[in-house]
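*Asks:* model the following, please.
(one chain, ligands or ions: 1)
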Amino acid sequence: MNTNVKNIEISGIRKFYNKVIQVPDAISLTLGQPDFKAPLVVKNAMIKALEENKTVYTPNAGIPELRKEISKYLESMSINFSPDEVCVTVGGSEGLYATFQAILNPKDVILVPNPAYPAYKAIGALIGATVIEYNLDDKFSIDLDDLKNKIKEFKPKAMVLSYPSNPTGAVMEKALKEKLYSLLKDESLYIISDEIYASLSYEEEYYSLCQYEDLINRCIYVSGFSKMFSLTGLRIGYICAKDHILKEIMKVHQYNVSCAPSIAQYGAYEGLKNAMEDAESMKKEFILRRDYVYNYLIKLGFKSDKPKGAFYIFPDISTFQQNSEIFCNNMLNSAKVACVPGSAFGSRGENHIRISYCCSMKQLNESLENIEKWLYV
Ligand code: PMP
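*Replies:* Numbers count the residues shown, from 1 in each chain. Okay, here's the model as predicted:
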């Protein structure tokens, strides 16, 4: 077996999920899977595509109409990639993998945030790159001194930015964007910006480093429709980058998957054209749930910032004097509520738990009441 493969472990999220299924009456707040049904127009578009026998390969980069719509959608967030600079992928996951594979030679250094979505570290390790973590600060913004020192010391080929963030729910703030720009504008590293939760940013303005025209030649924008239209099982995402980068990524994509699933591409296209209101109402519902969970947790003595995006809250559990794995195990067995230990997202996730609030208000209410009884009765 390949040494890199043998040396990595399955994701801590999945590992914990496997424990959860052994407690059948537990409510699981572990997975990043919205509970909403896919928008009707998206489903109908896919049925129509099937009936029209659009079950064949598409161009490697995806159907032209979808690439055009993605380009238009990004323009609404002041991110400029032409349709030719878009490649439709098998979820954001394949987008990340193809990007890492295309950019990094074995031993090249890639900087990833700590805490972060575990795939960055795992993919880096799988392809033999050297993964160095940069620290997020107490507000889950970036510790810029640490980042600066690590760029100086390790001369990374690339770095990953991940906002809105899984697991913290933080978003890229204007001030952070400007400071990062000053720090990165004279460097030469590639910036892989995973913005899969962009449609779930609860702030008025949306900020991304890909909005800087003088950085865009080094940016790879990774996103997808799993979260936006609640389409996790359809495996549909995309990467955007300028031609000199995308043409290399496309080789990995082509030999790996040929193209993204055709039917899902027609669904995503229809979604961008006619289901933006559905995406907006999902966002509104998530805001209500976020407020409810946040207020309840504060009442229970957890420390937390109010998340500004995605559908996770990452409260500090240090008051309860148990590490995150023990806390989650106890909570699962006693309160019958499952959350992911913060340590699954990196060392700086310790003393936190990730609660995913993409389930019904009823389930959220029941789980928070159970947690309350477990902690205080
Ligand atoms: N990036 C982040 C930060 C994620 O949380 C996820 C899924 N949980 C992905 C990428 C990949 O999503 P998908 O492959 O479903 O598009």
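*Asks:* can you map out the helices along the stretch 201-350 of the chain?
*Replies:* 243-257, 262-274, 276-299, 324-330 (DSSP state H, counting those that start in this stretch).
*Asks:* which of the ones you listed is buried the deepest?
*Replies:* Neighbour counts (mean count of other CB atoms under 10 Å) averaged over each of these peak at helix 262-274, with a mean of 23. For glycine as for every other residue, the C-beta is placed from the backbone atoms N, C-alpha and C.
*Asks:* thinking again about what came up before, so which of the helices of the stretch 201-350 of the chain gets nearest Thr58?
*Replies:* Nearest to Thr58, of all those, is helix 262-274, at 5.0 Å by CB to CB.
*Asks:* what about that closest one, distance to the chain center?
*Replies:* 20 Å (CA atoms, centre = their mean, to the nearest Å).
*Asks:* what's the angle between it and helix 276-299?
*Replies:* Interaxial angle of helix 262-274 relative to helix 276-299 (axes from the mean of the first three to the mean of the last three CA atoms, to 10 degrees): 90 degrees.
*Asks:* helix 262-274 near the ligand anywhere?
*Replies:* No - Helix 262-274 stays clear of the ligand (CB under 6 Å from any ligand atom), getting no nearer than 10.8 Å.
*Asks:* state the mean pLDDT of stretch 346-360.
*Replies:* The pLDDT scores in stretch 346-360 average 95.
*Asks:* can you tell which of the helices of the stretch 201-350 of the chain is closest to Gly224?
*Replies:* Per CB to CB, nearest to Gly224 of the helices of the stretch 201-350 of the chain: helix 262-274, 8.7 Å.
*Asks:* so how far is Gly349 from the nearest residue to Phe345 once chain neighbours are set aside?
*Replies:* Closest residue in space to Phe345, ignoring its immediate chain neighbours: Pro115 at 3.6 Å, by CB to CB, 6 or more residues apart in numbering. Pro115 is 3 Å from Gly349, where distance means CB to CB, to the nearest Å.
*Asks:* the more surrounded of those two?
*Replies:* Pro115 (27 against 24; other CB atoms under 10 Å).
*Asks:* let me know the pLDDT of the more buried one.
*Replies:* 97.
*Asks:* also Lys139?
*Replies:* Reading off the model, Lys139 has pLDDT 88.
*Asks:* next one: Lys299
*Replies:* 95.
*Asks:* just checking, what packs against the helix or strand hosting Leu111?
*Replies:* Using DSSP states H and E, Leu111 sits in strand 109-114. Helices and strands touching strand 109-114, by 3 or more CB pairs under 8 Å, 6 or more residues apart in numbering; DSSP states H and E, are helix 119-126, strand 130-135, helix 144-154, strand 158-162.
*Asks:* joint contacts of Pro115 and Gly349?
*Replies:* Pro167, Phe314, Gly342 (CB atoms under 8 Å, 6 or more residues apart in numbering).
*Asks:* which one of those residues is nearest to Tyr221?
*Replies:* For the shared contacts of Pro115 and Gly349, the nearest to Tyr221 is Pro167 (20.9 Å; CB to CB).
*Asks:* who are the contact partners of that closest one?
*Replies:* Pro115, Ala116, Tyr117, Tyr312, Phe314, Val340, Gly342, Phe345, Gly349, His352, Arg354.
*Asks:* of all the residues you listed, which two lie farthest apart?
*Replies:* Tyr117 and His352 (14.4 Å).
*Asks:* more neighbours, these two?
*Replies:* His352 (28 against 23).
*Asks:* wait, the more buried one touches Phe320, no?
*Replies:* No - taking CB atoms under 8 Å as the definition, His352 is not a contact partner of Phe320, at 11.4 Å.
*Asks:* quick check: Leu272 touching Tyr73?
*Replies:* Yes - counting by CB under 8 Å, Leu272 does reach Tyr73; the two are 5.4 Å apart.
*Asks:* so which elements touch the host helix or strand of Leu176?
*Replies:* Leu176 is located in helix 174-184, with elements delineated by DSSP H and E. Secondary-structure packing of helix 174-184 (3+ CB pairs under 8 Å, 6+ apart): helix 144-154.
*Asks:* for stretch 131-140, buried residues please.
*Replies:* Buried residues in stretch 131-140, counting neighbours by 16 or more other CB atoms under 10 Å, are found at Val131, Ile132, Glu133, Tyr134, Asn135, Leu136, Phe140.
*Asks:* specify the beta-bridge partners of the fifth one.
*Replies:* Each beta-bridge partner of Asn135 is listed here, defined by DSSP bridges: Asn114.
*Asks:* contact partners for the nearest residue to Tyr376 once chain neighbours are set aside?
*Replies:* Distances taken as CB to CB, 6+ apart put Leu300 closest to Tyr376, at 7.7 Å, once the chain neighbours are dropped. Contact criterion CB under 8 Å, 6+ apart gives Leu368, Ile371, Glu372, Leu375, Tyr376 as the residues in contact with Leu300.
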